[in-house]
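Asks: what shape does this take:
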Amino acid sequence: MAEGSDTEKIMRALYLIRGVEEGIAQRYPAGKMRCPVHFSIGQEGVSAALAPLMRRDDLAVSSHRAHAHYMGKGGSVRAMLAEIYGRAGGCSGARGGSMHLIDESVGFKGSTAIVGNTIPIGVGLGLALQQKGSDSLAIVFLGDGAIEEGVFYESVNFAAVQRLPVLFICENNLYSVYSPLGPRQPAGRSIYKMVEAMGIKSVAGDGNDVAATYKLMHAVIAEMRSGQGPVFAEFSTYRWLEHCGPADDDHLGYRAQGECAEWKKRAPVARYEKYLRENEGWSAARLEALRNEVLADIARDFAWVEAQPLPPRPDAYREVYAEDAGKSVGQNTMESAA
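Replies: Numbers count the residues shown, from 1 in each chain. Next up, the predicted model:
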């Protein structure tokens, strides 16, 4: 059972992540967001459960589907939306878009479009934290597809040998783009048991059961802060929308008929609302009030971002090629080589 303050943080995070992503999906067809977007609608439960457990001094990295992880880590909604819109105030300087989020003020060290690319970076962060004698954690968010990258095994091995404070969070949503697990991994493989055989503690849970996910992660993180070493956690979950974009893609036929509908019955937001009503004494009115408060904040965030200007053109070259923003890319490159 979560502490009272944590239950509200979790419920707020669920409403926030779902509300922001639904807002992006609704507005995306207008063409103002000129970058690919990968949604976590349907699989926001893990990030929300971790929201009250991740400290600001913990360091997190993610993959292309990073919105929920960024918001769960305490990232600014306005800074993230400004990044996606390519407006001034974007958390990555309006250069990276949806897949390249970074906000060092909250310990979110970056996401990337390359599958598995941030896994070794997260392990390196864990090594740095260990050398500093900190009880902070490095948290690596990844999907089931990243298990098929060689760097995953190298990283887990190094973390195990060095007993690094790295928490690997695998959200197994069953698909890598349009490919289910069957053609990609051996039949009957249990990902977390395979990783356990590599020498680190491994656990598994239902990522749509937010209360259970919180309870499991609360215990795991407490142990890790005492110096236990790395942990791998696999959570079953499911994305409702297409791999990339705001649409429903069931018509493509790569998912079994009715599969998505069955997963929607286990929706993490509705399931946690029910849990709070039945186990924590929350009323429907309290839930509605919190949801309306969060949605009102989100509406103000979108209005604020859409009123922001585009960054000045010279900003495209700052902190990339040279200090002098007035030089062209070619000039900067030639002078750097000289």
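
Asks: quick one: the residue nearest to the spatial centre of the chain from K215, how far?
Replies: What sits nearest the mean C-alpha location of the chain, by C-alpha atoms, centre = their mean, is H69, with 2.5 Å. Counting by C-beta to C-beta, to the nearest Å, the gap from H69 to K215 is 20 Å. Glycine gets a C-beta too; all of them are placed from N, C-alpha and C.

Asks: re earlier: right, and the residue nearest to the centre of the chain touches F141 too?
Replies: Yes. With contact defined as C-beta atoms under 8 Å, H69 reaches F141; the gap is 4.7 Å.

Asks: common neighbours of the two, please.
Replies: A60, S62 (C-beta atoms under 8 Å, 6 or more residues apart in numbering).

Asks: if we can go back for a sec, now do the residue nearest to the centre of the chain, the pLDDT please.
Replies: Listed pLDDT for H69 reads 98.

Asks: convert stretch 106-117 to PDB, retaining C-alpha atoms only.
Replies: Provided in PDB are the C-alpha atoms of stretch 106-117 (Å, rounded to 0.1, in the frame of the first residue of the first chain):
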ATOM      1  CA  VAL A 106      15.600  16.900 -12.800                       C
ATOM      2  CA  GLY A 107      18.200  14.300 -13.500                       C
ATOM      3  CA  PHE A 108      16.800  13.200 -16.900                       C
ATOM      4  CA  LYS A 109      20.000  12.700 -18.800                       C
ATOM      5  CA  GLY A 110      18.500  12.000 -22.200                       C
ATOM      6  CA  SER A 111      16.500   9.900 -24.600                       C
ATOM      7  CA  THR A 112      17.400   8.700 -28.100                       C
ATOM      8  CA  ALA A 113      15.900   7.400 -31.300                       C
ATOM      9  CA  ILE A 114      18.500   4.600 -31.500                       C
ATOM     10  CA  VAL A 115      17.300   1.400 -29.900                       C
ATOM     11  CA  GLY A 116      19.500   0.500 -26.900                       C
ATOM     12  CA  ASN A 117      21.700   3.500 -27.300                       C
END
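
Asks: only the buried residues of that stretch, if you could.
Replies: Across stretch 106-117, burial judged by 16 or more other C-beta atoms under 10 Å covers V106, G107, F108, K109, G110, S111, T112, V115, G116, N117.

Asks: again, but for stretch 241-251
Replies: L241, E242, H243, C244, P246, D249, D250.

Asks: of those residues, closest to E196?
Replies: H243 (28.8 Å; C-beta to C-beta).

Asks: just the CA coordinates for the helix or strand where the residue nearest to the centre of the chain lies, please, in CSV.
Replies: Using DSSP states H and E, the element containing H69 is helix 67-72. Only the C-alpha atoms of helix 67-72 are listed here, as CSV (Å, rounded to 0.1, in the frame of the first residue of the first chain):
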residue,chain,number,x,y,z
HIS,A,67,7.3,11.2,-22.7
ALA,A,68,6.0,9.2,-19.7
HIS,A,69,9.5,8.6,-18.3
TYR,A,70,10.4,12.3,-18.6
MET,A,71,7.2,13.4,-16.9
GLY,A,72,7.4,10.7,-14.2
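
Asks: helices or strands next to it in the packing?
Replies: helix 4-27, helix 45-50, strand 59-62, helix 77-85, strand 108-111 (3 or more C-beta pairs under 8 Å, 6 or more residues apart in numbering; DSSP states H and E).

Asks: and the angle from the longest one to helix 77-85?
Replies: Counting by axes from the mean of the first three to the mean of the last three C-alpha atoms, to 10 degrees, helix 4-27 lies at 30 degrees to helix 77-85.

Asks: which strands and helices sit next to helix 4-27?
Replies: Here helix 4-27 touches helix 45-50, helix 67-72, helix 77-85, helix 210-225, helix 268-279, helix 284-306, going by 3+ C-beta pairs under 8 Å, 6+ apart.
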